[in-house]
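**Q** Build the 3D model from these lines:
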Amino acid sequence: MTSELGLNHALVTGATSGIGEATVRALVASGRTVLAVARRQDRLEALASETGCSWMAADVRETEKLADGIEAFAPDIVVNNAGVGHGSSGLEDLDAAMIQEAIDINVVAPIQITALALAGMRARARGHIVNIGSIAGLHTLVSAVYGGTKSAVHRFSQNLRVELRGSGIRVTELCPGRVSTEFYQAASGDRDRLDQMGQSGIRELLPDDIAAAILFAVNAPAHVNVATIEILPTEQAVGGVHATPVEAKS
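**A** Predicted coordinates:
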């Protein structure tokens, strides 16, 4: 079933694992044509074989390469999902290249990709930009670098909504807490480190939970803009964690 709003062509970055892969599957299942963008061509080919999506093997920092693909595809929906979690162990443990990479992938790339898609969206008077932020961009948590980049995504999303008023283009920022994906294990090093960070006992969100929230936002009626979604596991709360879930009473 395609969108009554005409939002039927969706571009998803970071599409070969975690939230991105789940979002591709959900959007295809909703009847949309999807362009999956990621670096790992073998995974893109496997995803396309399973879902029927189109794909483009590219790093989100390759603006010139992305420009031709985005213009040809003409997305009505852009899901800026690709990101890196550098800095969970502290700023002093990062070299200059990793700091720059975090800024380029988490901040510069979504801005550039959004800019490439907006001309077509304005011409069609419809569109939806979905930026994957983080609760680290909304609240004071660990990681100055990662939290700083996601705070930039938050402000970008908020200001973009003001810029696009009257255009028919909507903007949603989705801010997850802990999600069971490769991203968090890569950001923290390994599972043992996650447990040491006080996260044990949490039933984490699944990528499908985030994909469902994205569909909720893009499927909303035309007069509804779901601006910000903060989504966390039940046992996770900003300012503290209930490490032992409460059992339901019989």
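**Q** Residues contacting the longest strand anywhere in the chain, please?
**A** Counting by DSSP state E, the longest strand found in the chain is strand 169-176. When contacts are defined by CB atoms under 8 Å, 6 or more residues apart in numbering, strand 169-176 is touched by residues 19, 118, 121-122, 126-135, 137-138, 150, 153-154, 157-158, 160-161, 164, 205, 210, 213-214, 217-218, 225-232. The C-beta positions use only the backbone N, C-alpha and C, and glycine is treated the same way.
**Q** what about Thr181, neighbour count?
**A** 21 (other CB atoms under 10 Å).
**Q** So it is in contact with Gly20, correct?
**A** No - taking contacts as CB atoms under 8 Å, Thr181 lies outside contact range of Gly20: 9.2 Å.
**Q** where along the protein do the strands fall?
**A** 9-13, 33-38, 54-57, 77-80, 127-132, 169-176, 228-231, 236-237, 240-241.
**Q** Tell me who's in contact with Glu230.
**A** Contacts of Glu230 (CB under 8 Å, 6+ apart): Ile135, Leu138, Cys175.
**Q** Pick the one among these closest to Leu7.
**A** Cys175 (21.6 Å; CB to CB).
**Q** Tell me what the closest one is bridged to.
**A** Glu230 (DSSP bridges).
**Q** Which pLDDT does the model give it?
**A** Looking at Cys175, its pLDDT stands at 97.
**Q** Over to Gln185?
**A** Looking at Gln185, its pLDDT is 54.
**Q** Could you do the one 3 residues further on as well?
**A** According to the model's per-residue confidence, Ser188 sits at a pLDDT of 51.
**Q** and what of Ile202?
**A** Looking at Ile202, its pLDDT reads 82.
**Q** Check Thr181 too.
**A** 79.
**Q** quick one: contacts for it?
**A** Thr181 touches Ser17, Gly18, Ile19, Pro207, counting by CB under 8 Å, 6+ apart.
**Q** Show me what the longest helix anywhere in the chain is packed against.
**A** Looking only at the chain and at elements set by DSSP state H, the helix with the highest residue count is helix 144-163. Using 3 or more CB pairs under 8 Å, 6 or more residues apart in numbering; DSSP states H and E, the elements in contact with helix 144-163 are helix 96-103, helix 109-124, strand 127-132, strand 169-176.
**Q** Out of the ones you listed, flag the one nearest Asn81.
**A** strand 127-132 (4.6 Å).
**Q** between that closest one and strand 9-13, how big is the angle?
**A** 20 degrees (axes from the mean of the first three to the mean of the last three CA atoms, to 10 degrees).
**Q** And strand 127-132, how far out from the chain middle?
**A** 9 Å (CA atoms, centre = their mean, to the nearest Å).
**Q** May I see the helices and strands packed on helix 144-163 organised as TSV, with mean neighbour count added?
**A** Shown next, in TSV, are the helices and strands packed on helix 144-163 (neighbours: other CB atoms under 10 Å):
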stretch	mean neighbour count
helix 96-103	14
helix 109-124	18
strand 127-132	25
strand 169-176	24
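**Q** With distance to Ser54 added, can I get these in a markdown table?
**A** Formatted as a markdown table, those follow (distance: least, CB to CB, whole Å):
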| stretch | distance to Ser54 |
| --- | --- |
| helix 96-103 | 27 |
| helix 109-124 | 15 |
| strand 127-132 | 18 |
| strand 169-176 | 22 |
